[in-house]
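quick check, what structure comes out for this input:
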Amino acid sequence: LLESALDAILVLDSRRIITRVNPAAERLFGCTAEDLLGERMTDYLTESSAAQLEAFCNEPRGHPESPHQWWIPRDFIARRWDHTVFPAEITLSRFETRDGVCHSLILRNADERLEAERRIRMLTQETEYLREMVRDAPGGGDLVGRSDCMRAVRDAIGQVAATDATVLVLGETGTGKELVARSIHRLSLRADKPLVLVNCAAIPATLIESEFFGHEKGAFTGAVQRREGRFAMADGGSIFLDEIGELPIELQAKLLRVVQEGEFEPLGGNRTLKVDVRVVAATHRDLRQRVADGLFREDLFFRLNVFPITIPPLRQRGRDIELLADAFTLRFARRLGKQIDPPCPELCQLLHGYDWPGNVRELQNVIERAVILTTGSRLALARAMSGVSGPSGESEAHPANGPRVLTAAEMAALECANIRRALDACGWKVAGADGAARLLGMPPSTLSSRIKSLDIRREA
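The predicted structure follows:
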């Protein structure tokens, strides 16, 4: 029994001399049985704990209320062979032999139990968090796109992923900043550790500190138990702070400390925790302007802006729109059990004729709506984009009275032809006094954007 017990067991004689130990005691005290045998047990306890042990062992015997076994909880402090200490939970038992009254001690390192409980609590919370993420996941995958600007984004991800540098992902709403963060984590050395996602704009200001750093029991009304924060959950892995520009300025100093030093205190606690977390932040805001307006700390901005990656808006990605539409059509068609052809050239013209202010997210929503509306094999994109349908399911392009209304595809074709005529007239020069932009009465940057959006190319 002694040899197989998982807890440390020591047998003491009437003078508190150790007469027998088991292998678990050797492991707990960090020495061999020969080191412990013949030693006084009180030498392996702190002064207060040694006095406590003596008091229990000297309990008067023979009294009806005198117990033969005591449970001593965590306030009992033991000392290892190397003089380091640990809190111990002890069961002390009395027995008599012909040599006198002896005692046996069963010891367990309380730190191990507390750490196991903490790990179980963290894993339970992480499981709940991951289940929420799976439910909320849009079903995305890798970054889709062959345009030069997206190739530059992928190159930047490849350069920074293997490092621990802080990354700031910039771009308009719906451009796919979370996908960039997922790609960075997947290609990093932390890929087998958690990636924790936090939307700073979606958490009430009163709860952000608790969500980031956790809280102790009773830290605020409703804190009925201790809870680990997102940074503790991401220890060893990465954390993605989306919409970082919405973070209240009073919390930015604490975020700066954990980003810079890897240290923080849980809300309502006085213990300092250290974590090893790789931070990827994202925003659609102009953080420099928010710094100038006093809404964002300059030191935090510089700490986050170590390696910025800017994601281009969808209207600047040319034929990537068609690739994304194909991918979304295939995904949603499979989900709904439909057989739908990829968008044809006519539908692609319709896609290029729209500016997509909501970027990839808006395109995804439109394609999902189109797949739901589709009854045959041709994607009902016109219906999804117009929201108006007639009895036959086609958009109303001919009102009962008045001139014919052009469809979005016809408008895009008209614009494409007009821009091509202007470029041909100016020798395909965009800017300058003799450029096509001046001829069309628009800024050169706007014309360049429209050329990319409509995929206008000079014929050989």
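
contacts, neighbours, all on C-alpha from now
Will do.

show me where the stretch 201-350 of the chain has helices.
For the stretch 201-350 of the chain, the helices defined by DSSP state H, counting those that start in this stretch occupy 208-213, 230-233, 249-261, 287-292, 298-304, 320-336, 345-352.

I'd like those helices as TSV, with distance to Leu1, mean neighbour count and mean pLDDT appended.
As requested, those are exported to TSV (distance: least, CA to CA, whole Å; neighbours: other CA atoms under 10 Å; pLDDT from 0 to 100):
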stretch	distance to Leu1	mean neighbour count	mean pLDDT
helix 208-213	45	21	89
helix 230-233	40	24	92
helix 249-261	48	16	92
helix 287-292	66	15	94
helix 298-304	58	16	95
helix 320-336	59	18	92
helix 345-352	76	19	89
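
turn the ones you listed into JSON lines, including distance to Ala78.
Shown next, in JSON lines, are the helices of the stretch 201-350 of the chain (distance: least, CA to CA, whole Å):
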{"stretch": "helix 208-213", "distance to Ala78": "32"}
{"stretch": "helix 230-233", "distance to Ala78": "29"}
{"stretch": "helix 249-261", "distance to Ala78": "33"}
{"stretch": "helix 287-292", "distance to Ala78": "53"}
{"stretch": "helix 298-304", "distance to Ala78": "44"}
{"stretch": "helix 320-336", "distance to Ala78": "61"}
{"stretch": "helix 345-352", "distance to Ala78": "72"}
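
tell me, how many neighbours does the residue nearest to Ile311 when sequence neighbours are not counted end up with?
Excluding the flanking residues, the one nearest Ile311 by CA to CA, 6 or more residues apart in numbering is Gly171, at 5.0 Å. By the measure other CA atoms under 10 Å, the count of residues near Gly171 is 18.

these two touch, right, Gly171 and Val180?
No: the criterion here is CA atoms under 8 Å, and Gly171 misses it with Val180 at 11.0 Å.

distance of Asp355 relative to Gly318?
11 Å (CA to CA, to the nearest Å).

who has more neighbours out of these two?
Ranked by neighbour count (other CA under 10 Å), Asp355 and Gly318 place Gly318 first, with 23 against 15.

gap between the two ends of stretch 31-49?
21 Å.

and for stretch 210-219?
Per CA to CA, stretch 210-219 runs 9 Å from first to last residue.

low-confidence stretches in the stretch 101-250 of the chain?
128-142 (pLDDT under 70).

let's see it at 50
135-140 (pLDDT under 50).

same check on the stretch 301-450 of the chain?
For the stretch 301-450 of the chain, the ranges with pLDDT under 50 are 387-403.

so the residue minimising distance to the centre of the chain is in which element?
Central residue of the chain (CA atoms, centre = their mean): Val196, 1.8 Å from the mean position. In this structure, Val196 sits in strand 195-199 according to DSSP states H and E.

who touches that strand?
182, 185, 230, 233-234, 237-244 (CA atoms under 8 Å, 6 or more residues apart in numbering).

can I get that strand in CSV, CA atoms only?
In CSV, the C-alpha atoms belonging to strand 195-199 read as follows (Å, rounded to 0.1, in the frame of the first residue of the first chain):
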residue,chain,number,x,y,z
LEU,A,195,-6.2,31.9,-31.2
VAL,A,196,-8.6,34.0,-29.1
LEU,A,197,-10.8,36.5,-31.0
VAL,A,198,-12.1,39.6,-29.2
ASN,A,199,-14.3,42.2,-30.8
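
parallel or antiparallel, which strands does that strand pair with?
strand 238-242 (parallel) (DSSP bridges).

which parts of the partner strand are buried?
Under the neighbour-count criterion of 16 or more other CA atoms under 10 Å, strand 238-242 has 238-242 buried.

and for stretch 416-423?
416, 419-420, 422-423.

one more: stretch 145-156?
145, 149-150, 153-154, 156.

doesn't Phe264 make contact with Val258?
Yes: Val258 is within contact range of Phe264, at 5.8 Å (criterion: CA under 8 Å).

just how off-centre is stretch 368-388 within its chain?
The chain centre lies 34 Å from the centre of stretch 368-388; the measure is CA atoms, centre = their mean, to the nearest Å.

buried residues in that stretch?
368-372, 374, 378-385.

got CSV for the residues you listed, with secondary structure too?
Shown next, in CSV, are these (DSSP: H, G, I helix; E, B strand; the rest coil):
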residue, secondary structure
Glu368, helix
Arg369, helix
Ala370, helix
Val371, helix
Ile372, helix
Thr374, coil
Arg378, coil
Leu379, coil
Ala380, coil
Leu381, helix
Ala382, helix
Arg383, helix
Ala384, helix
Met385, helix
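
nearest to Arg79 among those?
Glu368 (65.0 Å; CA to CA).

excluding covalently adjacent residues, which one is nearest to the closest one?
Using CA to CA, 6+ apart and skipping the chain neighbours, the partner closest in space to Glu368 is Phe332 (6.1 Å).

cool, and Thr166?
Thr166's closest residue in space is Val279 (CA to CA, 6+ apart), at 5.2 Å.

residue contacts, that neighbour?
Going by CA under 8 Å, 6+ apart, Val279 touches 165-167, 238-241, 259.

how far away is it from Leu273?
Using CA to CA, Val279 is found at 17 Å from Leu273.

got it, and Asn22?
Asn22 is 35 Å from Leu273, by CA to CA.

between the two, which has more neighbouring residues?
Higher neighbour count among Asn22 and Leu273: Asn22, with 20 against 13, using other CA under 10 Å.

what are the phi and psi values at the residue nearest to Ile311?
Main-chain dihedrals, Gly171, degrees, to the nearest 10: phi 160, psi 160.

ok, the one 5 residues further on next?
Here the main-chain torsion angles of Gly176 (degrees, to the nearest 10) amount to phi 110, psi 40.
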